[in-house]
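# when you get a sec, could you give me coordinates for this:
(chains A and B)
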Amino acid sequence: MGETILKLNNIGKKFPGVVALDHVSFELKKGEVHALLGENGAGKSTLIKILTGAYEPTEGTIEYNGKTYEKFEPKQAKELGITAIYQEFNLVPYISAAQNVFLGQELKKGIFLDMAGMEKKTTELAREMGVEINPKTKVKDLGVAYMQIVEIIKAISEDTNILIMDEPSAPLTTREIDAMFQIVKRLKEKGITIIYISHRLEELFEICDRVTIMRDGKYICTKEIRDVTRHELIADMVGRELNEMYAGGAGASDDIIMEAKDLCTDKIHHISFSLKKGEILGFGGLVGAGRTETARALFGADELLSGTIMKNGEVVKIHSPKDAIKAGIGLLPEDRKDQGLVLGMSVKDNIVYSILKQETKRIFLDKKDIHKKCSDLKDDLRIKTPSLGQISKFLSGGNQQKVVLAKWMATDCDVLIFDEPTRGIDVGAKQEIYHLMNQLTAQGKSIIMISSEMPELFGMADRVIVMHEGCIKGELSKEEFDQERMLAIASGL
Amino acid sequence: MQKKKVNLVSFLGKYGIVVVLIVLIVFFSVTSKQFLAVSNIINILRQVAVVGIMSVGMTMVLITGGIDLSVGSVAGVACVSTALLMNKGLPWAAAVLLVLIVSCALGGINGFCINALSIPPLITTLGMMTALRGTAYLLTGGLPVFGFPKDILFLGKGSVAGIPVPVIIMAVIFVIGILFMDKTRYGVYIYGVGGNEEATRLSGINVKKIKYLVYMASATLAGLAGIVLLARVNSGQPKAGDGYEMDVITAVVLGGVSISGGEGSMPFVIIGVLFMGVLSNGMVMLNIQDYTQQVVKGIALLLAVAFDRYMQNKKAKQVE
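This next block holds a predicted model:
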């Protein structure tokens, strides 16, 4: 780790009515992996946008390689070698990996594109990272992990000095994350400085050198990662001590509320399990193991090829989400922005979206009753929104997830499937979601929880079913919860 | 200072078209003496009635993220078939009812192609537009239909308490449309389908049913508009409603309905419709020739959308 490469001095950014950054100072040393940590809304994204030139700071200066700047223009940031990789990839799906890597800086032979050259260079760059990639593959046919690799290759092909990685591990499986860490280490060896943003604290201890914590748009502290504990990081992030992350639930009763027998779709094979009243049943496994597909099959979102679903001892026919809801089964999908919410609609409309039929008096909606139901749920779930009429896309991730939850609590569903309920939301909101899940089971509702975060799964679930390649490969009772054991089953060993 | 600016931006973003309409009205009333005369105002309303009726259905279609290019041709078919049915001896009310049912069924065909055959709305309704225009000509052998009983004409030419019947029909349709979109669950579903179809499906809503609904509503209203056209011109013209789809889409988009779905509001569509009417009428008053009028209308559409995009971007930036 060497000299200071980048320094932000008292950076402020005001938006009308909001101070997004309040005199933030931040220092980056050449060749380090520097974690940027904070809850949603802490100002991380704003800071990143100032570095990439998307925003102009309202005050303060940026020092980069000894020169002082008032602000960066987007083009300038790129020329200076500052690149960001976002969760939503900026790739063109219908062209090849190599073309994506060289998008806007294509290699040419005369007036024609030098495809072979670009493909060769892409392969070389990938090998430097220790990965094999077919440069001819269209990006849409690559898995998420490879898409990310293409993004990284694209960044380093442009002589990047500072690489900003925003939640790079969010879409990846455990094994892919390990591979990504290897890549990060190689980038570091090449002298590239990395700003690493992640909500998964465990990761930071593995690959970061230092960590800077932000809260409410303010700089809190910068620490050497080896000098801090997970607990201290959380305390700094939320500004208070978080005690029990997963306060234990009420525990399951012995009554079986739902039973799946021999469910098959084109993605899952012979799935059978039962769910008890008041239980949180975890579904573990690697991404692509068929957990989401199982949830979708139960919920009628994908057509069942065979198998039966029993609810309260009776067979229920589920051919569509509508049937599932009628049978009392709700799904909080893994991708809340694409599947859980209509982002352009108000918080209120989203909450009552599934029960509008009940909320209709003769032909018109009973707006009074809707308003009452929504404001009760808003208070119960502590959804932070200026009003119920607020458009949902303006809410933070954690609050959006609460709106999805409110929507299902408004229905009479007594089996709720949570697919990755805490992905991409901050520690404080996570804890609230856990708390709400426990409240639901205490009311006698049952939960199926799909999660790729093992601590969360073990913390919340009464039992965990482990899947691998579309099949159930094992079941762990609470006493058997063990990360290594689960990984072994999940990997098909 | 900062705060004021925000308000101005959000105000113009929301009410921009209203402001422009007022400016336009002021401009024409200064340049032309007759413009603000009561008779002219009623005239404007009468002129926009047919487009106005169609725009209610089009608004619903656009909000689901679809488009309906077939409305002009549905109006054409409705126009000639009403005349033909009356010539066959059907009383006008029966003819009207039957034609509305047939129009609704034509919308059902649009819905079927989109839902069951997965043909994109643009292509589906483009095909229907061409096929139905041909049908209108086939039905009449290419010639206008005359000689039907005159009692239907009050739908186009009559007036109640000085207000033309087409204007009353338009007003009633708008009131129903506004109530439907704002006060019933189907209104919410229509926004939901346009905003996020998959999330809507996963909320237990039958998305296909909603799509059938909007295309059938759009075609039924287009049929109604065709009947009004028939009553106004007193002949069943096979070319009736030709090109109206573009006027309707222009009016709806001017009224702030997003062409990509999920956004828009019915009351503002009224403003869009009025804007088109005021613009045409004012230009006629100023003796601007027909070709120039078309150029102006086209540019008005582009400016409206450009302005809308600009405001959206500005708003988005402020929220960030």
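# next structured bit after the helix or strand hosting A:Met467?
Here A:Met467, judged by DSSP states H and E, is contained in strand A:463-468. For strand A:463-468, the following helix or strand on the C-terminal side (DSSP H and E) is strand A:471-477.
# what angle sits between that next one and strand A:463-468?
150 degrees (axes from the mean of the first three to the mean of the last three C-alpha atoms, to 10 degrees).
# residue closest to the middle of chain B?
Residue closest to the mean C-alpha point of chain B, counted by C-alpha atoms, centre = their mean, is B:Ser55 at 1.7 Å.
# quick one: mean pLDDT for the helix or strand where that residue lies?
Assigned by DSSP H and E, B:Ser55 belongs to helix B:38-63. Averaged over helix B:38-63, pLDDT sits at 95.
# tell me how far it lies from the chain's centre.
Centre-to-centre, helix B:38-63 and its host chain are 6 Å apart (C-alpha atoms, centre = their mean, to the nearest Å).
# is A:Met437 in a helix, a strand, or coil?
For A:Met437, the assignment made with DSSP: H, G, I helix; E, B strand; the rest coil gives helix.
# can you give me the strands for the stretch 101-250 of chain A?
For the stretch 101-250 of chain A, the strands defined by DSSP state E, counting those that start in this stretch cover A:108-109, A:112-113, A:162-166, A:193-197, A:210-215, A:218-224.
# can you pull out the strands in chain B?
Applying DSSP state E to chain B gives strands spanning B:159-160, B:163-164.
# deepest in the core, which of those is it.
strand B:163-164 (a mean of 18; mean count of other C-beta atoms under 10 Å in any protein chain shown). Every C-beta, even on glycine, is put in place using the N, C-alpha and C of the backbone.
# what is the rounded mean pLDDT of it?
On average, strand B:163-164 scores 94.
# mind listing the strands that strand pairs with, and their directions?
strand B:159-160 (antiparallel) (DSSP bridges).
# how far away from the center of its chain is the partner strand?
That offset, for strand B:159-160, works out to 22 Å (C-alpha atoms, centre = their mean).
# how near is A:Asn65 to chain B?
29 Å (C-beta to the nearest C-beta, to the nearest Å).
# how many residues are close by that residue?
A:Asn65 is flanked by 12 other residues according to other C-beta atoms under 10 Å in any protein chain shown.
# ok, the closest residue to B:Val74 other than its chain neighbours - contacts?
In space, and not counting its chain neighbours, B:Val74 is closest to B:Ala222: 3.9 Å by C-beta to C-beta, 6 or more residues apart in numbering or on different chains. Going by C-beta atoms under 8 Å, 6 or more residues apart in numbering or on different chains, B:Ala222 touches B:Met54, B:Gly57, B:Asp68, B:Ser70, B:Val71, B:Gly72, B:Val74, B:Ala75, B:Ala78, B:Ser103, B:Gly241.
# re earlier: next, the buried residues of the helix holding B:Ser55.
Residues of helix B:38-63 classed as buried under the neighbour-count rule (16 or more other C-beta atoms under 10 Å in any protein chain shown) are B:40, B:43-63.
# likewise for stretch A:355-375?
For stretch A:355-375, by 16+ other C-beta under 10 Å, it's A:Ile355, A:Leu356, A:Glu359, A:Thr360, A:Leu365, A:Asp366, A:Ile370, A:Lys373, A:Cys374.
# which ones among those are found in strands?
A:Thr360, A:Leu365.
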